[in-house]
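S.K.: Just a sequence and a predicted model for now, questions to come.
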Amino acid sequence: MGKIKGAIIVDTERCKGCGLCAVACPLHVLELTKREVNKKGYSFARQIMEDTCNGCASCAVICPDACITVYKKKEE
């Protein structure tokens, strides 16, 4: 039986930095950037722990602008 891993892709140019995804993540995998901004001047969400995401997609479900895509992959 393999373990499910998740991979998060954030469309940084559409992200407004509301932070809802970081709050919704049960594993605290996402955070808002502190020194980087997108073209609109917003801080954006990014994945800070590569191997921790379990692919639950709570972040993608709560994102009001649909900026987050979550992929699941099975590791053996």
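M.R.: All right, it came through fine. Numbering: from 1, shown residues only.
S.K.: Tell me which stretches of the chain form strands.
M.R.: Assignment of strands within the chain using DSSP state E yields the ranges 3-10, 30-32, 45-47, 68-75.
S.K.: Deepest-packed of the ones you listed, please.
M.R.: strand 45-47 (a mean of 21; mean count of other C-beta atoms under 10 Å). (C-beta placed from N, C-alpha, C; glycine too.)
S.K.: related to what we said a few turns ago, would you convert the strands of the chain into a markdown table that also reports mean pLDDT and distance to Gly17?
M.R.: Formatted as a markdown table, those follow (pLDDT from 0 to 100; distance: least, C-beta to C-beta, whole Å):
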| stretch | mean pLDDT | distance to Gly17 |
| --- | --- | --- |
| strand 3-10 | 90 | 11 |
| strand 30-32 | 95 | 5 |
| strand 45-47 | 94 | 7 |
| strand 68-75 | 90 | 13 |
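S.K.: Of the ones you listed, which is nearest Gly19?
M.R.: strand 30-32 (5.6 Å; C-beta to C-beta).
S.K.: who's in contact with that closest one?
M.R.: 8, 10, 17, 19, 21-22, 43-48, 59 (C-beta atoms under 8 Å, 6 or more residues apart in numbering).
S.K.: All set now, cheers.
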